[in-house]
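*Asks:* predicted model and sequence follow; I will ask about them next.
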Amino acid sequence: MVSIFDKVELHNGVQIPALGLGVYKVEDGQQIEETIQTALDLGYRLIDTASFYQNEEGVGRAIRNSSIPREDLFITTKVWNSEQGYENTLKAFEESMDRLGLDVLDLYLVHWPVKGKYLDTWRALEQLYQEGRVKAIGVSNFNIHHLEDLLDHCKVKPVINQVELHPLLSQAELRNFCLDHGIKVEAWSPLSRGRFLDEPVLGKIAEQHGKTPAQVILKWHLQNQIIPIPKSVTPSRLKENVDLFDFKLDQKEMEEINGLNKNQRFGADPDHIDF
C-alpha cells in the first residue's frame, strides 16, 4: 500500500479502495455533507453507510455536490434487520437508492444475519447483482457458521464480510476462514472509538514511527489485508486516519499488536443480538 488511492480486488474483479470512511452516527444534513466533502478532498473514495444510519440522503447530496467523478467513488449501503426477507429487501434497496440518488450501487450488504431471513435476503441481493443494479454483494456481522450456511445455499458468493475488528478483537479464526473462501474482511469500528488508544504497546510503537496510536492501529489493519472504515467528523482526524503510507510495521511490531487480542467486543455479538 503506497497511497490512499490504492485498491483491493474483490473475487468478482471489482476494485474497492483499501481504506474508507464509515458514517455511522454522522448526522444527516450539514454535518455529513461537510464530513464527506472534507474526506473526498483528502483522498477518501469509499463511503460506507446503511439505511439504519438515516443519512443516505446526505451521502447522496455530498456525492452530487462533489467534483469527483461517480466512477471514482465506491458507495456501500446495507439492508437493515427489519427490512429483511426477499420482497422486503428488494423494496428496501429501491428506497435506499432513491435516498442516495444513485442508479447503480457499488456494494450492498446484509447488515446482520437475521435468523430465518438472511438466506431469503441474500436471494434478493443475488437478483440485484444479476440485474446489474449493484456491482458487488456481501455481508456484515456474519460469524463462521453464518457464512458456512450461506455458502451452502448461495449462487453468488459474498465478496466481503464487514465485522467489528480491532486489536482487542482480532477475529483471527474468522479472517482465516474468509481468506480460505476468497472473502475480503472489512473492519467497522477499527479504532474502537478510541477506547484503547492509551495502550502502552501502541504508544511505544507509535513513538518509534513518529505516528499516533490510531495510525498504528489502522496500519495494522492494512498490513493484515483488512479494509478499515474509520469514522470521524473532525477534519484533523480524517487527515490523520489516511496519513498511513510513509511507514511500515515490522513483524515484531505486528506480533506485539496481535498479542493485544482479548476477544473483546464493544458492539453487539451476532450470536446474541435481539433482532
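*Replies:* Sure thing, it's come through.
*Asks:* okay, CA-based contacts and neighbour counts for the rest of this
*Replies:* Will do.
*Asks:* any idea which element the residue nearest to Lys155 when sequence neighbours are not counted lies in?
*Replies:* The shortest distance from Lys155 to any residue other than its chain neighbours is 7.4 Å, reached at Glu126 (C-alpha to C-alpha, 6 or more residues apart in numbering). Glu126 is part of helix 118-130, with elements assigned from DSSP states H and E.
*Asks:* show me what counts as buried in that helix.
*Replies:* Judged by neighbour count (16 or more other C-alpha atoms under 10 Å), helix 118-130 contains these buried residues: Tyr118, Leu119, Asp120, Thr121, Trp122, Arg123, Ala124, Leu125, Glu126, Leu128, Tyr129.
*Asks:* what of stretch 102-109?
*Replies:* Of the residues in stretch 102-109, Leu102, Leu105, Asp106, Leu107, Tyr108, Leu109 count as buried by neighbour count, 16+ other C-alpha under 10 Å.
*Asks:* of all those residues, which two lie farthest apart?
*Replies:* Farthest-apart pair in these is Leu102 and Leu109; separation 16.1 Å (C-alpha to C-alpha).
*Asks:* this structure: strands as residue ranges?
*Replies:* Remark: strands assigned in the chain by DSSP state E are 7-9, 15-17, 21-22, 46-48, 74-79, 105-110, 134-140, 160-164, 184-188, 226-228.
*Asks:* would you state the helices of the stretch 51-200 of the chain in chain order?
*Replies:* Secondary structure of the stretch 51-200 of the chain by DSSP state H, counting those that start in this stretch: the helices cover 56-65, 86-100, 118-130, 144-153, 172-180, 200-209.
*Asks:* would you list those helices in a markdown table and tack on distance to Ile273 and mean pLDDT?
*Replies:* Output for the helices of the stretch 51-200 of the chain, formatted as a markdown table (distance: least, C-alpha to C-alpha, whole Å; pLDDT from 0 to 100):
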| stretch | distance to Ile273 | mean pLDDT |
| --- | --- | --- |
| helix 56-65 | 24 | 96 |
| helix 86-100 | 20 | 98 |
| helix 118-130 | 14 | 98 |
| helix 144-153 | 14 | 98 |
| helix 172-180 | 19 | 98 |
| helix 200-209 | 31 | 98 |
